[in-house]
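# okay, here's the prediction I keep looking at, along with the sequence it came from:
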Amino acid sequence: MNEYINQNDANNLLKADSFLKRMNCFLGKNEKAPRDSSQLIVGIEYWVADNDLRYIGIYRSPVQDFIGKENMNLIRTQAEFLKYANKDIETNVIGDDNEYLIPIASIENNNVYAFKNEENENMIVQREVKHFNYYRVKNGTHIISKHKAYYGCQIPLKHDAKRKNLS
């Protein structure tokens, strides 16, 4: 590591940093776990590449009591590998657009979110874990949750006048 610092080798420094972050991660890139029904990987973090960490969440969350823990693999449960901006109890929506979609996956059942902006404050309960719910929020919204959650990258909601109509 010191050698890379002395040589100002940014590429290898990023790889070393990624390696250190992956030490506590169960899965890593190029593993066969997504194709193995014995690997219960839904609801954990997964390294797609050296600098690309994602959360594996249930795609369309049915009542999880009916799925069962033994089915939390990608053979029996449809999931999405979603990039997330942070894993914490709060986040801020800041950008150039007026509105955004924010994917949020709770780490614990019955997580309560407070969405606060200049105009109002709304409380919302997310009952299920391991599943991204998508919330439409205004720019400048501050989100606070009771328990830690994965906050996905904000998706701008805007209309492009140059875009072709869907008729």
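Thanks, I have it. Numbers count the residues shown, from 1 in each chain.
# tell me the contacts of residue 57?
Residue 57 sits next to 42-43, 79-80, 82, 105, 130-132, 150 when contact means Cβ atoms under 8 Å, 6 or more residues apart in numbering. No exception for glycine: its C-beta is placed from N, CA and C like everyone else's.
# now those residues as JSON lines including distance to residue 70, pLDDT and secondary structure?
Below are the contacts of residue 57 laid out as JSON lines (distance: Cβ to Cβ, whole Å; pLDDT from 0 to 100; DSSP: H, G, I helix; E, B strand; the rest coil):
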{"residue": "42", "distance to residue 70": "11", "pLDDT": "81", "secondary structure": "coil"}
{"residue": "43", "distance to residue 70": "13", "pLDDT": "82", "secondary structure": "coil"}
{"residue": "79", "distance to residue 70": "15", "pLDDT": "81", "secondary structure": "strand"}
{"residue": "80", "distance to residue 70": "21", "pLDDT": "81", "secondary structure": "strand"}
{"residue": "82", "distance to residue 70": "23", "pLDDT": "87", "secondary structure": "strand"}
{"residue": "105", "distance to residue 70": "21", "pLDDT": "92", "secondary structure": "strand"}
{"residue": "130", "distance to residue 70": "14", "pLDDT": "85", "secondary structure": "coil"}
{"residue": "131", "distance to residue 70": "18", "pLDDT": "85", "secondary structure": "strand"}
{"residue": "132", "distance to residue 70": "22", "pLDDT": "89", "secondary structure": "strand"}
{"residue": "150", "distance to residue 70": "23", "pLDDT": "94", "secondary structure": "strand"}
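# most neighbours of all these, which one?
residue 105 (26 neighbours; other Cβ atoms under 10 Å).
# before we move on, which element is residue 147 in?
Counting by DSSP states H and E, the element that carries residue 147 is strand 142-152.
# and that strand, which residues are buried?
143, 145, 149-152 (16 or more other Cβ atoms under 10 Å).
# packing partners for it?
Counting contacts by 3 or more Cβ pairs under 8 Å, 6 or more residues apart in numbering; DSSP states H and E, strand 142-152 packs against strand 79-92, strand 99-106, strand 111-116, strand 132-138.
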